[in-house]
Each structure stands twice: as structure tokens, then as C-alpha cells.
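[1] structural data only, the sequence is not supplied:
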């Protein structure tokens, strides 16, 4: 049995998230259908992160096990020929039998883009949240530093939909870095600034990045003070955080693993 790792990118605009759902268009569902055509088997596909509806990915990592004789190059070419244009396989490699895209991940980096100009160019509106109003960048950047480290992120996570599951789930998470960057955005006829929240962590709770960014925006608007952040952690009350930001500004940028040498020589059956 071979273990194949794919690095994929997708525009999440028209998908109901990563995870397969009956009667819904999902990234996992589209990839599973294509791999079934290629291998003649319905495969189990595992992903590093289960992105939500409308969220994008530039470096999602998935893996599946198969007895197919197709080389990794053939998997790459065939997947891109059959998948919708909104999903692309950027790399395919054969990895060791114990590799798991989710459980072996050391860190994931997400970016959330906030477009600050008055007019959003038509070429980027799918990938940014538009907020042209007054925001205090320095206060937001200072507040972002409070998220770094190991914390209980109950306040900054959405409900699972089950009170029992909410009580039992582990809510301690570790954030390695959280930066707020200013980028110049020159697109079409409009030059504007774009603020990018870059957060790197071991793993994330549901809506966690979007709620952290929403809390920063409330700090930027003066609805919250930087000094309020420690108390929000202590409250463990998700109704006290900032709003959950819209999904289109969020992108899973990349996933890190411990040893790239776990790849096997490409092309051969192992």
C-alpha cells in the first residue's frame, strides 16, 4: 500500500468547506471523486486542516493510501486535468506509511487580508475583507502579541454545535507567532493599503483565526482596549470576543512537517 501526499491550493468561494457533506459541493468531495476515477476505489483522504465554507488555501496538504500503479507525476497531471479550475494540485510525492497530513503537522500558517481602500478592485474581492473605516493599526498590532503562547482559546472559538462536545473538547492551543503587516496594494486603478494578519500555530479551534482577527478589529475601532485581552482569555466566554470575520479574507498559507526526507523516490511503487 502506497501513501501519497498532495499539496493543493483552492479558491473556497463556491465550496461548502473542505469536508465532504451530503448534497454539498466541497473540496474533499471533488478530490475524492477524481481519485476514484483514477484508482477505481473510493479512497479516504486526510487533510492538514478542515477549512470552512468560503475559506481559501494556498498550501493545504492531504494524503491518501492506494495500491494504484500511477506515478506521482501521473497523479498530479491527471488530477489537474479532471479537477475544477478552482482546485489545483501543486505537488505530489510518495511518503512513508506512517505519514498523516493532520497528525504529523508541526505548524500551520494562516493569513487574513483586510483591504483598506475605498474601492475593492475586482481582481481581489474574493480574497479580502473590505474595511475602509478608521482603525488603529498600532493598537491592533500590540493586541496581536497577546495571542502568542499557550492559552485556553475558548473565548476565541465557535461552538461545535453540541454542548456536550463543547464541554469535552480540548481548548488549549499554542500560537507561535501573530503579526499584523502593512502591504501596499496596487491593483487595477486603485492604490491602497492592505493589512495582513499572519498567524502561525500548532493547531486551531473552529473559527479561531477569524474570531482572533475580529477581536483585533474591535481593538482597532476602540470597542476593546489592548489591556482587555488577558481578561478575555480568563472569561472563557465566546460571546465576549470580537466578531467572527467573514471567510473570504482567510487563507491556509502552508503546513510544516518535521522531516521532508520522509518522501520516497518519485514515480516508483513502494
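    Okay, I see it. Since this is a predicted model, take the numbers as computed values, not measurements.
[2] C-alpha from now on. contacts and neighbour counts both.
    Will do.
[3] which SS state does residue 180 fall under?
    Of the three states, residue 180 takes strand according to DSSP: H, G, I helix; E, B strand; the rest coil.
[4] mind listing the strands for the stretch 151-270 of the chain?
    172-187, 190-201, 250-256, 263-264 (DSSP state E, counting those that start in this stretch).
[5] so can I have a markdown table of those strands showing distance to residue 91?
    Formatted as a markdown table, the strands of the stretch 151-270 of the chain follow (distance: least, Cα to Cα, whole Å):
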| stretch | distance to residue 91 |
| --- | --- |
| strand 172-187 | 26 |
| strand 190-201 | 22 |
| strand 250-256 | 13 |
| strand 263-264 | 12 |
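[6] quick one: low-confidence parts of this structure?
    161-168, 186-191, 260-270 (pLDDT under 70).
[7] tell me how it divides into domains.
    2-104, 107-253 (automatic domain parsing).
[8] I'd like the next helix or strand past the helix or strand hosting residue 37.
    Using DSSP states H and E, residue 37 falls within helix 27-39. Where DSSP H and E defines the elements, the next helix or strand beyond helix 27-39 is strand 46-47.
[9] what sits up against the next helix or strand after that next one?
    Downstream of strand 46-47, the next assigned helix or strand under DSSP H and E is strand 56-66. With Cα atoms under 8 Å, 6 or more residues apart in numbering as the contact definition, strand 56-66 has outside contacts at 1-13, 39, 43-49, 51, 100-101, 127, 248, 250-255.
[10] tell me the contacts of residue 192?
    115-117, 184-186 are the contacts of residue 192 under Cα under 8 Å, 6+ apart.
[11] looking at those, which has the most residues close by?
    Highest neighbour count within the contacts of residue 192, by other Cα atoms under 10 Å: residue 115, with 25 neighbours.
[12] hmm, that one is touching residue 130, no?
    Yes - contact criterion Cα atoms under 8 Å: residue 115 and residue 130 qualify, at 4.8 Å.
[13] out of the contacts of residue 192, which is nearest to residue 149?
    residue 115 (27.6 Å; Cα to Cα).
[14] give me the distance between the closest one and residue 193.
    7 Å (Cα to Cα, to the nearest Å).
[15] one more: residue 57?
    If you go by Cα to Cα, the gap between residue 57 and residue 193 works out to 22 Å.
[16] which of these two has more neighbours?
    Set residue 57 next to residue 193 and count neighbours by other Cα under 10 Å: residue 57 wins out with 23 against 16.
[17] now the more buried one, which residues is it bridged with?
    With DSSP bridges as the criterion, residue 57 is bridged to residue 10, residue 252.
[18] re the thing from before, would you reformat the domains of the chain as TSV and include distance to residue 259?
    Below are those laid out as TSV (distance: least, Cα to Cα, whole Å):
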stretch	distance to residue 259
domain 2-104	10
domain 107-253	13
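[19] point out the most buried one among the strands of the stretch 151-270 of the chain.
    strand 250-256 (a mean of 23; mean count of other Cα atoms under 10 Å).
[20] what is it packed up against?
    If you count contacts as 3 or more Cα pairs under 8 Å, 6 or more residues apart in numbering; DSSP states H and E, strand 250-256 packs onto strand 56-66, strand 107-115.
[21] thank you, goodbye.
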